[in-house]
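K.L.:
here is a sequence with its predicted model. Questions after.
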Number of protein chains: 2
Amino acid sequence: VPKRRYIILAEGAFADPHVAKTAHGVLRYSDDDVVAVVDSSLKGKLVTDILPDTDRTAPIVGHVADALMYGATSLLVGIAPLGGSLPATFRAEVLAAIDAGLEIVSGLHELLNGDEQFVRRAQASGSRLWDVRDYKEAVPLATGAAKNAPQVVVLAVGSDCAVGKMSVMLEIQKAASGDELQAAFAASGQTGIMISGDGIPVDRIISDFVTGAAEQLVLNAPASCDVLLIEGQGSILHPAYAPVTFGLLFGSAPDLLVLCHRVGQTAIYGFEDTLIPPLPELIRVHEAIVAYIKPAKTVAIALNTSGLSEVDARAALDRVCAETGLPADDVVRYGGEKLWRAISAAVPTTCKPQRAKSARA
Amino acid sequence: VPKRRYIILAEGAFADPHVAKTAHGVLRYSDDDVVAVVDSSLKGKLVTDILPDTDRTAPIVGHVADALMYGATSLLVGIAPLGGSLPATFRAEVLAAIDAGLEIVSGLHELLNGDEQFVRRAQASGSRLWDVRDYKEAVPLATGAAKNAPQVVVLAVGSDCAVGKMSVMLEIQKAASGDELQAAFAASGQTGIMISGDGIPVDRIISDFVTGAAEQLVLNAPASCDVLLIEGQGSILHPAYAPVTFGLLFGSAPDLLVLCHRVGQTAIYGFEDTLIPPLPELIRVHEAIVAYIKPAKTVAIALNTSGLSEVDARAALDRVCAETGLPADDVVRYGGEKLWRAISAAVPTTCKPQRAKSARA
């Protein structure tokens, strides 16, 4: 597959990690090139000014028209707003890219291909409209088959949306590369699919079949992989998205859990009266409820310490480690090695210990 | 609305309460007439032979053709199989009804209107194809607004699918009629919608929006009603359908829960290694998890004692009452009065006690 060369559209939102989640994910983890970001409020800056942990030096420009000279192949709609609608301010920019013949890549619920004007103009210019969230294959009902998958299944769970569940699994996968135990990543959301080129956008699946979609993520895992790292979604506490989270938790039947949390966050974003309980309680609740389907053990905490100083980040990690008795790390800051060690050490304790043996053989 | 006159198609399944759930629900609770049931394995019997608790005396016949002389307006696809596909044996019967110009009513996931042959033949005969599960209105994302609804919201939850959650709420509504507190029923599934003429088939909604659909059930409640009785779906333990259950539980933000259980059932139907815990534990788990969204209290147990003798049913009810400390009844057998009393007694203990006062005033 030839690499894409993206212009990323994140008008008015590029500095907000919640809203520009898709932009940040692709900039951090995709092998594709990014030639420019569009956000008129940050015009003149570089991507590294906003995301200093990346080596992306692309410019931030005011309009799609200002980036057309960089030889882009595609425009990425770089946001994941609650509800998944295209903001009105994005419309003219998308049309400019369509008219320039660029491929448009969007993970929104509101489909490009459901918009008559976009479709008409794309037909005229030859632009392709890729709705990543519009999953076309039939999803069967869950059968419980994931429980018997040969791989050790690891699921990222979290205290909220947008705390870093996808990044955590991608960093752990990176850390595992070259190890005897083979790890694979399975995307459950649009950004993960854009990055890995495969997966199922589970939050877009009809609710009766969301567990079935999660089961398919496991059944479709590469036969060669020993450990399957499944991107999580939402939170079991989330007033809007919990059903998606439970779909992954029950349908993928994980052996191991990695709990993701943003340090200092005390309530669900956008639902401020839904409080996040202490992490030990959150671990207990996850393990108690998934045990009705299949026992699973939390093996590590992935803490998002972005915004904290080095000293404060280390202190937060120590505190969480003491509080939970589990290894804790910020994988975006320090890499996924520590959490991968926690996972591989736990493999022999799962019901699939042969995975550890075969890797050692 | 003129009454429908149904032929109910339940070929090979009419005696199975799991599979023929839709048929049984409509026969028990709909105001529509039923002129015949089609099930060649029970040909020659009457509906009352299979459902002695109803006064439906319609004949059971071998084919749709054998029932056309009874002046039916509609054919009801009377089953709700796991996965929601139309069985191959049903096809010729549906076509016979289409060719006779009958309206076809189906609650299956597999849509009548998605079947080219059905659509073509219906166009030719003038038959209308009503897919009850194909909800056409836009469902917004959940906002948490159900928490502030003026009504006392009661949700039926259960140890499994098909234990009687819809019947329980319809019987309780019946028992409430004429009371000072006004009770309304809100359907969340296809059979409930067929019976009540309104509702949202929540299991058919995209998983990101299933909580939003549950919230709409509350926000759409009649302003005059004091107590909203929401039909439940699935079980929080169900390996396939739990996401739908959590969607209702979180999105409708109930004040009170009624726990429904089939006496003697120890595992989830079709998932025999998923065991149903003791009812007191099930109550604790429901209340603990929903409390993250909004506290709710379980006020009664609805026990399905079908198949038990009178003596055994009474003994089972006493046992469950002692075990849980809650009023317990089989509402299909004995009516919904006892459970309605438990609900109305609990109204002043909710965060909406003004409902009880205004009813008494």
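P.N.:
Happy to help now that I have it.
K.L.:
center of chain A, which residue is that?
P.N.:
A:Met166 (3.0 Å; Cα atoms, centre = their mean).
K.L.:
so who does A:Leu155 touch?
P.N.:
Applying Cβ atoms under 8 Å, 6 or more residues apart in numbering or on different chains, we find A:Leu155 in contact with A:230, A:232, A:248-249, A:252, A:254, A:256-258, A:296. Where you see a C-beta, it was placed from the backbone N, CA and C, and this is true even at glycine.
K.L.:
so how far is chain B from A:Ser167?
P.N.:
Going from A:Ser167 to chain B by Cβ to the nearest Cβ, to the nearest Å gives 21 Å.
K.L.:
and for A:Ala162?
P.N.:
Taken as Cβ to the nearest Cβ, the span from A:Ala162 to chain B is 14 Å.
K.L.:
name the residues of the longest helix anywhere in chain A that are buried.
P.N.:
Assignment by DSSP state H gives helix A:310-324 as the longest helix of chain A. Of the residues in helix A:310-324, A:313, A:316-317, A:320-321, A:324 count as buried by neighbour count, 16 or more other Cβ atoms under 10 Å in any protein chain shown.
K.L.:
now for these: which two are most distant?
P.N.:
Pairwise distances across those peak at 16.7 Å for A:Ala313 and A:Thr324 (criterion: Cβ to Cβ).
K.L.:
from the contacts of A:Leu155, which would you call buried?
P.N.:
Among the contacts of A:Leu155, those classed as buried by 16+ other Cβ under 10 Å are A:230, A:232, A:248-249, A:252, A:254, A:256-258, A:296.
K.L.:
could you report the neighbour count for A:Cys351?
P.N.:
11 (other Cβ atoms under 10 Å in any protein chain shown).
K.L.:
what helix or strand is it located in?
P.N.:
If you go by DSSP states H and E, A:Cys351 is not part of any helix or strand.
K.L.:
and what of the one 5 residues further on?
P.N.:
Remark: A:Ala356 resides in helix A:354-360, with elements defined by DSSP H and E.
K.L.:
next: A:His238.
P.N.:
Judged by DSSP H and E, A:His238 forms part of no helix or strand.
K.L.:
show me the contact partners of the longest helix of chain A.
P.N.:
A:261, A:263-264, A:278-280, A:283, A:298, A:301, A:303, A:305, A:308, A:327-330, A:333.
K.L.:
which element follows that helix toward the C-terminus?
P.N.:
Past helix A:310-324, the next helix or strand by DSSP H and E is strand A:328-329.
K.L.:
around chain B, pick out the residues from the stretch 1-150 of chain A.
P.N.:
For the stretch 1-150 of chain A, the residues found near chain B under the criterion Cβ under 8 Å from any Cβ of the partner chain are A:82-84, A:109, A:140-144.
K.L.:
what about A:Phe271, distance to A:Thr22?
P.N.:
21 Å (Cβ to Cβ, to the nearest Å).
K.L.:
for the residue sitting furthest away from the middle of chain A, which residues are in contact?
P.N.:
Within chain A, A:Ala124 marks the point farthest from the mean C-alpha position, 33.8 Å out by Cα atoms, centre = their mean. Residues near A:Ala124 by Cβ under 8 Å, 6+ apart: A:Asp99.
K.L.:
got a pLDDT number for it?
P.N.:
With respect to pLDDT, A:Ala124 scores 98.
K.L.:
which helix or strand contains it?
P.N.:
helix A:116-125.
K.L.:
in that helix, which residues are buried?
P.N.:
A:118-119, A:121-122.
K.L.:
measure stretch A:26-46 end to end?
P.N.:
Its first and final residues considered, stretch A:26-46 spans 16 Å by Cα to Cα, to the nearest Å.
K.L.:
and if you look at stretch A:202-211?
P.N.:
9 Å.
K.L.:
mind listing residues that contact that stretch?
P.N.:
Taking Cβ under 8 Å, 6+ apart as the rule, stretch A:202-211 contacts A:109, A:133-135, A:139-142, A:188-189, A:212-214, A:217, A:233-234, A:241, A:243-244, A:247-248, A:250-251, B:84, B:109, B:202-208, B:210, B:239-244, B:247.
K.L.:
which of those residues are buried?
P.N.:
Buried among these (16+ other Cβ under 10 Å): A:109, A:133-135, A:139, A:141-142, A:188-189, A:212-214, A:217, A:233-234, A:241, A:243-244, A:247-248, A:250-251, B:84, B:109, B:202-208, B:210, B:239-244, B:247.
K.L.:
the strands in the stretch 151-300 of chain A, which residues?
P.N.:
A:152-158, A:183-186, A:227-230, A:256-262, A:267-268, A:271-275, A:297-304 (DSSP state E, counting those that start in this stretch).
K.L.:
may I see these organised as TSV, with mean pLDDT added?
P.N.:
Formatted as TSV, those follow (pLDDT from 0 to 100):
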stretch	mean pLDDT
strand A:152-158	98
strand A:183-186	98
strand A:227-230	98
strand A:256-262	98
strand A:267-268	98
strand A:271-275	97
strand A:297-304	98
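K.L.:
I'd like these laid out as CSV, including distance to B:Ala221.
P.N.:
Converted to CSV, the strands of the stretch 151-300 of chain A look like this (distance: least, Cβ to Cβ, whole Å):
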stretch, distance to B:Ala221
strand A:152-158, 33
strand A:183-186, 40
strand A:227-230, 38
strand A:256-262, 36
strand A:267-268, 25
strand A:271-275, 22
strand A:297-304, 40
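K.L.:
surely A:Thr305 and A:Val331 touch.
P.N.:
No - in this structure, A:Thr305 is not within contact of A:Val331 by Cβ atoms under 8 Å, at 10.3 Å.
K.L.:
out of the two, which sits in the busier spot?
P.N.:
A:Val331 (26 against 23).
K.L.:
test my guess that that one contacts A:Ala302.
P.N.:
Yes - counting by Cβ under 8 Å, A:Val331 sits close enough to A:Ala302 to count as a contact (5.7 Å).
K.L.:
which residues are in contact with both of the two?
P.N.:
With Cβ under 8 Å, 6+ apart, A:Val331 and A:Ala302 have common neighbours A:164, A:168, A:339.
K.L.:
grab the nearest non-local neighbour of the second one.
P.N.:
Read it as A:Val168. Excluding the flanking residues, the one nearest A:Val168 by Cβ to Cβ, 6 or more residues apart in numbering or on different chains is A:Ala302, at 4.1 Å.
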